[in-house]
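Engineer: just to be clear, the model below is a prediction. Sequence and coordinates:
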Amino acid sequence: MVARFVVASLLLVAPVPAHAVFAGAEVIATGDLARRVVMIESEKRLHCTATVLTPRVVLTTAPCALTARRATLIPPGGGAERIEIARVVVNPEWNPARPGGWGTTNIGLLLLTKPLPGTTGGLDAISDAPLRGGQAVWIAGFGRTFRDNTATAGKLRAAEVKLVGPLLPQSKETQAIGSGEASVDQPIASACLGDLGGGVFEGEGAERRLIGMLVGYQSPKGAPPDTCGGRSNMIRLSPLRGWLGTQVQLLESWERPK
Amino acid sequence: MIRRIIAASTLAFSLLAVPAAAPALVGGVESSDPQGLRRSVIMVRLGGSFCSAAPISPTVLITAAHCFASPGAWMASSLSAAFLPRQVKVRSVVLHPDYSPVARFGRDPMADLALVLLDAPLPGDVRTVRIDGREAAPGEELTVAGFGRNEGASAEGALVLRELKLKVLERSTAIHEIVLTETGQKMAKPGKGTCRGDSGGPALRMGARGPEIVGVSSWSRGPSSENICGVQSVFVDVATKKPWIERQLSAWGERLP
């Protein structure tokens, strides 16, 4: 999450001592998001984020899925649980030769070797409710607060942002998330390096449901590319429910050959 | 790209070249015949990463899935008769649906296979490789070729293609892989074989009707982390994947020649 701004409303994510005053507030203590979003490590130790669909299956981007080796859940109160990845599925329409045209196909699933502790879920976690422009949503991820600041990565941060209208509900295009305005002139809370694969949620606490997954981020108008702090982009999960359901079932019944 | 240790004495590696130190096809000779394999082995690259590939039609290449973890403007280079690169943009890449980047080397099916659709046909002197579906027989001699080399090009810009003859040690029907060695026997010491950058390159049966592709280079075993190649050269068994290849070509409106 980008850390550039003091935005008071973002402190709501941490009901107990809110020491993070940046655009993305660190999720601590009671944050339910800590059991819905996990950190992904590759062999090169670069990481991305994945979102829990079921205790054994997490959702992330296709490039992240293809290099993922471990998923780490950092529960409230500490005690990280690191779990190996048993199997990977990438959406068959994902095309590595078209980085700008992924749309809804930039998605992969990871089967973990054992369940993530304290997680629940199923595809019920995905909301089918209609979305509207200007609607407030939460984004969460383990990425950096600044593009160049590696020290800020590896902690879960969340921020409240708004869907940018107009919405195209069944579109294969990605959905913009930002300040609600068409143009971003000053840095706002956004996804940054390491956050892709993180969930986009509506509602709060137990009512919180998943509407999308982060697949991209931009810079504010006029800022150098890749500095983060502009719009974020998500893919909607509701239109992918059929594919997700089939693949989750196949993965959960998969057994490693002896 | 180090993936996993199989046994204390024998290491297994995938062969994608990344912009780090990377030795060539071990024991191979540089291809120099303008009528030879330069017509049937293509390089695919993105920045400093590259793999080898083979044309199965004028617009479709077969290569390894593990080459494509990074998205971007992938390019394909064929070699002219002067061994200079001729580039074509890649339009689409499709990975085999059973490809698993976390499969265990030699134990789980990896399905490390990808098809590449080009933006335009390759030059007319490129010779496609046939897929006959004839299985590899133990002891059979196959020709392997690839661009496995640190930079993938000489100082003059010529791509360096190497070729080598290996023999079939075994064909695993459980995991759809073919294991090649220098002698066709188990090797006590490292010998000739595939190495980094050779990923996706073909194992070919050379005959009067032109080259026939039997395997696609996926990973290798070597004796140590400094010497990762030369004990076993492992290829995807193309014969067992022919139905998927034909289905995918058909989805693109293409067909085998």
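Structural biologist: Right, received. Where do you want to start? Numbers count the residues shown, from 1 in each chain, chains lettered A, B, ... in the order given.

Engineer: going along the chain, name the helices of the stretch 1-150 of chain A.
Structural biologist: Here the stretch 1-150 of chain A has its helices, by DSSP state H, counting those that start in this stretch, at A:62-67.

Engineer: all helices of chain B, in order?
Structural biologist: B:242-251 (DSSP state H).

Engineer: near chain A, which residues of it show up?
Structural biologist: With CB under 8 Å from any CB of the partner chain as the criterion, chain B meets chain A at residues B:1-3, B:68-74, B:90-95, B:97, B:99-102, B:107-109, B:116, B:174. Glycine gets a C-beta too; all of them are placed from N, C-alpha and C.

Engineer: buried ones among those residues?
Structural biologist: B:1, B:3, B:68-72, B:74, B:90-95, B:99-102, B:108-109, B:116 (16 or more other CB atoms under 10 Å in any protein chain shown).

Engineer: wait, what's in contact with the residue lying closest to residue A:198 once chain neighbours are set aside?
Structural biologist: By the measure of CB to CB, 6 or more residues apart in numbering or on different chains, the closest residue to residue A:198 outside its immediate chain neighbours is residue A:141, 3.2 Å from it. Residues counted as contacts of residue A:141 (CB atoms under 8 Å, 6 or more residues apart in numbering or on different chains) are A:1, A:37, A:49, A:156-157, A:191-192, A:194-198, A:214.

Engineer: which ones are touching residue B:244?
Structural biologist: B:96, B:97, B:113.

Engineer: quick one: which of these is nearest residue B:229?
Structural biologist: Taking CB to CB as the measure, residue B:229 sits nearest to residue B:113 out of those, at 20.8 Å.

Engineer: from residue A:214, how far out is the closest residue to the closest one other than its chain neighbours?
Structural biologist: Nearest non-adjacent residue to residue B:113, counting by CB to CB, 6+ apart: residue B:96, 4.2 Å away. Taking CB to CB, to the nearest Å as the measure, residue B:96 falls 27 Å from residue A:214.

Engineer: higher neighbour count, the two?
Structural biologist: Of the pair residue B:96 and residue A:214, residue A:214 is the one with more neighbours under other CB atoms under 10 Å in any protein chain shown, namely 29 against 21.

Engineer: quick one on the thing from earlier: which single one of the contacts of residue B:244 is nearest to residue A:109?
Structural biologist: Closest to residue A:109, out of all of the contacts of residue B:244 and judged by CB to CB, is residue B:97, at 12.6 Å.

Engineer: state the pLDDT value of the closest one.
Structural biologist: pLDDT, residue B:97: 93.

Engineer: show the contacting residues for it.
Structural biologist: By CB under 8 Å, 6+ apart, residue B:97 lies in contact with A:92, B:111, B:244.

Engineer: against residue A:138, how distant is the most centrally placed residue in chain A?
Structural biologist: The centroid of chain A falls nearest to residue A:198 when counting by CA atoms, centre = their mean (0.9 Å). Relative to residue A:138, residue A:198 is positioned 10 Å away (CB to CB).

Engineer: go on, residue A:87?
Structural biologist: From residue A:87 to residue A:138 the distance is 29 Å (CB to CB).

Engineer: same question, residue A:209
Structural biologist: Distance from residue A:209 to residue A:138, by CB to CB: 11 Å.

Engineer: which one of those two is surrounded by more residues?
Structural biologist: Between residue A:209 and residue A:138, residue A:138 has the larger neighbour count (other CB under 10 Å), namely 22 against 16.

Engineer: low-scoring stretches of the chain, by residue?
Structural biologist: Going with chain A. Along chain A, segments meeting pLDDT under 70 span A:1-30, A:44-46, A:99-104, A:145-152, A:168-172.

Engineer: nope, chain B
Structural biologist: If you take pLDDT under 70 as the line, chain B has these spans: B:1-13, B:15-24, B:149-158, B:226.

Engineer: if we can go back for a sec, residue A:59: which of the contacts of residue A:141 is nearest?
Structural biologist: residue A:197 (7.1 Å).

Engineer: so what's that closest one up against?
Structural biologist: Applying CB under 8 Å, 6+ apart, the residues contacting residue A:197 are A:40, A:48, A:49, A:50, A:51, A:59, A:60, A:61, A:64, A:141, A:213, A:214.

Engineer: between these, which has the most around it?
Structural biologist: Of the contacts of residue A:197, with other CB under 10 Å as the count, residue A:141 tops at 34 neighbours.

Engineer: who does that residue bridge with?
Structural biologist: residue A:157 (DSSP bridges).

Engineer: can you map out the strands along the stretch 101-250 of chain B?
Structural biologist: B:114-118, B:141-146, B:162-172, B:177-181, B:202-205, B:212-222, B:232-237 (DSSP state E, counting those that start in this stretch).

Engineer: give the pairing partners of the first one; include direction for each.
Structural biologist: What that stands for is strand B:114-118. Checking strand B:114-118 against DSSP bridges gives partners strand B:60-63 (antiparallel), strand B:85-95 (antiparallel).
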